[in-house]
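>>> Fold the stuff below for me.
(chains A, B and C, ligands or ions: 2)
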Amino acid sequence: MFKSWLFFIFCSILALFLAALLVQGAVTSGPVVASLPDGKAKQQLVSRLRLTDLSLCSEARYTRHPSQADLFSAFQDYPGSFEHFPTGSIILPQLEGFNNQLRIVRQGEN
Amino acid sequence: MRRLLKILDFTLSSLLKRKYKNFALIAVYAFTIAVLGSVLFLTQALKYEATGSLETAPDIVVQRIFAGRHDLIPVNYAETIRRLPGVKSVSSRVWGYYYDSLIKANLTFLASGSDRQTLDLLEGRLPLADDECSIGMGIQSAFGPAIGDSLALEDSAGATKTFQVVGLFRAESNLLTNDLVIFQEQTLRAFFNIDSSLATDLIVEVYNPRETKTLAKKIKYHLADTRPITRDEILHTYETLFNWRSGMMLAVATGALIAFCILAWDKATGLSAEEKREIGILKALGWETADVLTVKLWEGLVISLTSLLIGLIGAWVHVFVFGAPALTPLLKGWSVLYPDFAYTALIDIYQVFVLAMLTVGPYIACTLIPAWKTAVTDPDLVMRG
Amino acid sequence: MAGLLKIDQLTKIFNRHRPDETTALSDLSLTILQEECIALTGPSGSGKTTLLSLLGCMSRPTSGNILFQGRNISRLPERFLAQIRRDSFGFIFQQYNLLRSHTVLENLMLPLYPTDRQWKEIRRRALELLERFQLGNMHSKKITQLSGGEQQRVAIARALMADPEVIIADEPTAHLDEQLSAELLDILATLNGEGKTIIIATHDPFIYAADIIQRRISLQHGHITADTMP
Ligand SMILES: Nc1ncnc2c1ncn2[C@@H]1O[C@H](COP(=O)(O)OP(=O)(O)OP(=O)(O)O)[C@@H](O)[C@H]1O
Ligand SMILES: [Mg+2]
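Numbering: from 1, shown residues only, chains lettered A, B, ... in the order given. Ligands and ions are numbered 1, 2, ... in the order given. Next up is the predicted model:
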């Protein structure tokens, strides 16, 4: 029985520790800004400078400005390279705002 | 209850008999969970950071698409947009990239608005004169200028221009401002040689956020060669960028999951002769099938719970204490200016639960199922040795 | 003395409807009385082990019935069989069947783990039995560190943990020298004296010709060929 209790105590300690960590970072419902450090200041920065993206990966247009890049930018940033590995495989060009559709018009139709 | 505890005790001593094997197993398992957990923690932290700070991003950004590519937009498009009902204001934005071939870094040059106030996250101030600029921390750490020093840049005509650094963004804003150089709009136009009738894109503010979508549609209708991007779309981009099915999660998770499957497969492909004999003996001594399965259930639980707890704590320490050194190369790629910032712990507990279920569940199943097959057979096999 | 185990037209066929079908026991009927000490003999392959495992609820007959204390146990669900196996039968296997990497004490406590009995109580009982078999100082040794005779005694002690009514031994002397066999006989005699029913399957004349054996049953090809009371 000794071993069982030892195991329970061990697990409880780890679980409590983990729970303490998780709760500390838990994002509950409500505005996320509240849980961001300097949340208000960051929002001020974004609205003043009219920013649209995180400056996370600066190697290609579609990774530096994922929300602004067009679908072709993945193929044109660096001659001879059509992909920026590994970021290019993590951040894909976004499809938002592109909704033209190619349509086939058969002979005789209009 | 007493029965369960005694069986747990037996399980623990069985596991301890094969100390090295089981500790190695826990180590591999915990490592796998730590990898998955790190990705989860990191992407969630980034996602919340992005969606939290970009909540104040422009209502609509209007780009011009020319030959399928993003192109400069005529400023007079603003007139057409301004006339649409519900539009509060339209302003033009000028920005572009600058490549430094020496350290091979891409900088983002951005024109500040007409706003002259200071910012909380800016040390110093925004540029007020033609030969001034404000820079992000990434540029400072790559090139080393302090406030008062100047950047010498080559403009579109090949002439060298110097700009005095009058502002430096604080480290807390790194994720937004790392590679930024802010100029006055006129300065940047001259530098890039952008005609005053053109802009990089237009920023539209609306009165009623609920009309944003309709307005975006109207803009597209009236100006067919534009691409309006709403704030919701920007936020959505970051939601999908860092969600479960996104590239980041997928890229790392596939590797980790394969490792996990190998682990589970090893279990599922059956019991060793020794383990089968043990089950036979237990049954011959009067253990029910349920008791034998309880042993296996405990075994799976002990291993997976220990690994899960250790793995998640490890992931936490890796991401939020050390700043995810094992994952940043993935995000960094070959960009030179990578924001050096401490991730804030922002976690969706629900997803942590899902991760726990997805790793603990299959593992326990993998320990139970092969044992179940052996446990239901008659125990008289052990009589024949 | 009352009939403790009653076997009625018992048949056991292995691998039924397959090319390697084997009839191990056919149409066997037998009554075993309380406190009897029985030797089961017969050539190799005659069905001794098969009969013992059926008696001890370790497998089920193909047809026929086994009544234990008047209760038909041949069709009971697995759960009850396990319980009867644990509470009423003590097995001494030819290969001892001890968990090799566990300690002597753990091995002894094993049969009583899945019960509601208290840990302390089980431990006390195990230590008592070890004392009785002169193994008192070995309780924390691993099985692999014991001699063959010591292992044998641990196996016997384990069979007695739940204080069963019937002791079933399959070739218990196969690995033992004369002296250890004699020791085993002494132990079995004592247990028989305490009122336990004992069934031993053996080839060993040293056992089946011993004084304590009250009844000798010979098997051949799954049939009883002789049932004598020497
Ligand atoms: N699991 C099994 N599958 C198929 N046949 C079996 C099985 N177990 C036993 N047999 C067959 O049943 C017959 C009786 O076997 P059993 O083990 O009862 O003999 P035994 O009298 O104990 O022999 P021995 O003295 O050699 O131990 C043998 O012919 C054996 O081949
Ligand atoms: Mg046999």
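>>> where are the low-confidence patches of the chain?
No chain was given, so I picked chain A. A:28-31, A:34, A:72-86, A:88-90, A:92-95, A:100, A:110 (pLDDT under 70).
>>> let's do chain C instead
C:1-2.
>>> Residue for residue, what is the longest helix it has?
helix C:178-193 (DSSP state H).
>>> quick one: contacts of that one?
Contacting residues not belonging to helix C:178-193 are listed as C:35, C:37, C:133, C:148-149, C:152-153, C:156, C:160, C:167, C:169, C:172-173, C:176, C:198, C:200, C:204, C:206-207, C:210-212 [C-beta atoms under 8 Å, 6 or more residues apart in numbering or on different chains]. Backbone N, C-alpha and C define where each C-beta goes, glycine included.
>>> what about 6 Å?
Here helix C:178-193 makes contact (C-beta atoms under 6 Å, 6 or more residues apart in numbering or on different chains) with C:Cys37, C:Gly149, C:Pro172, C:Thr173, C:Ile198, C:Phe206, C:Ala210, C:Ile212.
>>> what sits against the second one?
The neighbourhood of C:Gly149, defined by C-beta under 6 Å, 6+ apart, consists of C:Leu180.
>>> pretty sure it is in a strand, no?
No: secondary structure of C:Gly149 (DSSP: H, G, I helix; E, B strand; the rest coil): helix, not part of a strand.
>>> who wins for neighbours among the contacts of helix C:178-193?
C:Pro172 (27 neighbours; other C-beta atoms under 10 Å in any protein chain shown).
>>> Look up how far B:Gln140 lies from the residue nearest to that one when sequence neighbours are not counted.
Nearest residue to C:Pro172 in three dimensions, chain neighbours excluded: C:Ile92, at 5.2 Å (C-beta to C-beta, 6 or more residues apart in numbering or on different chains). From C:Ile92 across to B:Gln140, the span is 82 Å (C-beta to C-beta, to the nearest Å).
>>> Please give the element, helix or strand, for the residue in chain C that chain B sits nearest to.
Residue nearest to chain B within chain C: C:Arg86 (2.4 Å; C-beta to the nearest C-beta). According to DSSP states H and E, C:Arg86 maps onto helix C:78-88.
>>> Now do the helices in chain B.
Secondary structure of chain B (DSSP H): helices at B:2-17, B:19-53, B:77-82, B:137-143, B:174-177, B:185-192, B:212-222, B:231-241, B:247-268, B:273-284, B:289-316, B:328-332, B:349-375.
>>> Next SSE downstream of the longest helix of chain C?
Next along from helix C:178-193, by DSSP H and E: strand C:197-201.
>>> coming back round to it: in CSV, list the helices of chain B along with distance to C:Lys12, mean pLDDT and mean neighbour count.
Below are those laid out as CSV (distance: least, C-beta to C-beta, whole Å; pLDDT from 0 to 100; neighbours: other C-beta atoms under 10 Å in any protein chain shown):
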stretch, distance to C:Lys12, mean pLDDT, mean neighbour count
helix B:2-17, 32, 90, 19
helix B:19-53, 39, 89, 21
helix B:77-82, 91, 95, 17
helix B:137-143, 81, 89, 20
helix B:174-177, 75, 90, 25
helix B:185-192, 94, 94, 19
helix B:212-222, 78, 94, 17
helix B:231-241, 65, 88, 20
helix B:247-268, 33, 73, 16
helix B:273-284, 17, 88, 20
helix B:289-316, 21, 93, 22
helix B:328-332, 64, 76, 17
helix B:349-375, 22, 86, 17
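>>> count of residues packed around the residue of chain C closest to chain B?
23.
>>> could you list every residue that touches it?
Neighbour list for C:Arg86: B:Gly286, C:Pro111, C:Ala162 [criterion: C-beta under 6 Å, 6+ apart].
>>> Skipping its backbone neighbours, what lies nearest the residue in the stretch 251-385 of chain B positioned nearest to chain A in space?
In the stretch 251-385 of chain B, no residue comes nearer to chain A than B:Ala345, which is 3.0 Å away by C-beta to the nearest C-beta. Distances taken as C-beta to C-beta, 6+ apart put A:Gly25 closest to B:Ala345, at 3.0 Å, once the chain neighbours are dropped.
>>> And the one you found, how far from B:Glu55?
19 Å.
>>> what does B:Pro209 give?
Look at B:Pro209 and B:Glu55: by C-beta to C-beta, they are 11 Å apart.
>>> The two - which one has more neighbours?
Applying other C-beta under 10 Å to B:Pro209 and B:Glu55 shows that B:Glu55 carries more neighbours, namely 19 against 11.
>>> list the contacts for the more buried one?
Neighbour list for B:Glu55: empty [criterion: C-beta under 6 Å, 6+ apart].
>>> And it, what's its pLDDT?
With respect to pLDDT, B:Glu55 scores 91.
>>> what about it, distance to A:Leu36?
Distance of B:Glu55 to A:Leu36, given as C-beta to C-beta: 10 Å.
>>> How about the residue in chain C positioned nearest to chain A: what's its closest non-neighbour residue?
Of all residues in chain C, the one sitting closest to chain A is C:Trp119 (4.8 Å; C-beta to the nearest C-beta). Nearest non-adjacent residue to C:Trp119, counting by C-beta to C-beta, 6+ apart: A:Met1, 4.8 Å away.
>>> ok so, going back, would you mind telling me which of the helices of chain B is nearest B:Gly158?
helix B:185-192 (11.8 Å; C-beta to C-beta).
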